[in-house]
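Asker: quick one: sequence and predicted model below, then my questions.
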Amino acid sequence: MGSVVYILCALTSAACAVLLTRGFLRTRERLLLWSSLCFILLAISNVLLVIDLALLPRTIDLSVIRTVPAFLGVCVLLFGLIWESR
């Protein structure tokens, strides 16, 4: 049951990334760019989560590798929010 939730989270973050990217390409609003980059990295993190917890054996741990894209995504969004507030 947990695998289904992880897959749905990955699909949701990928859908958000696609919608935000489409919005950015249509309006060229820079905050949409930062948000879409964040959600792209979050989607990558969620895909790595599915691979780590559902596909790989328990002896292999990708927790550090799957945390890096999530951290970078939050950093990108934070940078974009600070940059756009000026």
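Answerer: Noted; the coordinates are in hand.

Asker: when you work out contacts or count neighbours from here on, use the C-alpha atoms and nothing else.
Answerer: OK.

Asker: which residues of the protein fall in helices?
Answerer: Along the chain, the segments classed as helices by DSSP state H run 2-27, 30-50, 63-84.

Asker: tell me what the shortest one is packed against?
Answerer: In terms of contacts (3 or more C-alpha pairs under 8 Å, 6 or more residues apart in numbering; DSSP states H and E), helix 30-50 is packed against helix 2-27, helix 63-84.

Asker: ok, now the first one?
Answerer: For helix 2-27, the packing partners by 3+ C-alpha pairs under 8 Å, 6+ apart come out as helix 30-50.

Asker: Leu56: which of the helices of the chain is closest?
Answerer: Of all the helices of the chain, helix 30-50 sits nearest to Leu56, with 9.0 Å by C-alpha to C-alpha.

Asker: could you give the average pLDDT over that closest one?
Answerer: What helix 30-50 shows for mean pLDDT is 96.

Asker: now it: buried residues?
Answerer: 31-50 (16 or more other C-alpha atoms under 10 Å).

Asker: and the helices of the chain as TSV, adding distance to Leu56?
Answerer: What follows is the helices of the chain, written out as TSV (distance: least, C-alpha to C-alpha, whole Å):
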stretch	distance to Leu56
helix 2-27	12
helix 30-50	9
helix 63-84	12
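
Asker: nearest to Pro57, out of those helices?
Answerer: Among those, helix 30-50 comes nearest to Pro57, with 11.9 Å by C-alpha to C-alpha.

Asker: and that closest one, C-alpha only, in CSV?
Answerer: The C-alpha trace of helix 30-50 is given here as CSV (Å, rounded to 0.1, in the frame of the first residue of the first chain):
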residue,chain,number,x,y,z
ARG,A,30,9.9,34.4,-13.3
LEU,A,31,8.3,33.2,-10.0
LEU,A,32,6.7,30.4,-12.1
LEU,A,33,10.2,29.5,-13.3
TRP,A,34,11.5,29.1,-9.8
SER,A,35,8.5,27.2,-8.7
SER,A,36,8.7,24.8,-11.7
LEU,A,37,12.4,24.2,-11.1
CYS,A,38,11.5,23.4,-7.4
PHE,A,39,8.8,20.9,-8.4
ILE,A,40,11.0,19.3,-11.0
LEU,A,41,13.6,18.6,-8.3
LEU,A,42,10.9,17.4,-5.9
ALA,A,43,9.5,15.0,-8.6
ILE,A,44,13.0,13.6,-9.0
SER,A,45,13.3,13.2,-5.3
ASN,A,46,9.9,11.3,-5.3
VAL,A,47,10.9,9.1,-8.1
LEU,A,48,14.1,8.2,-6.2
LEU,A,49,11.9,7.5,-3.2
VAL,A,50,9.9,5.0,-5.2
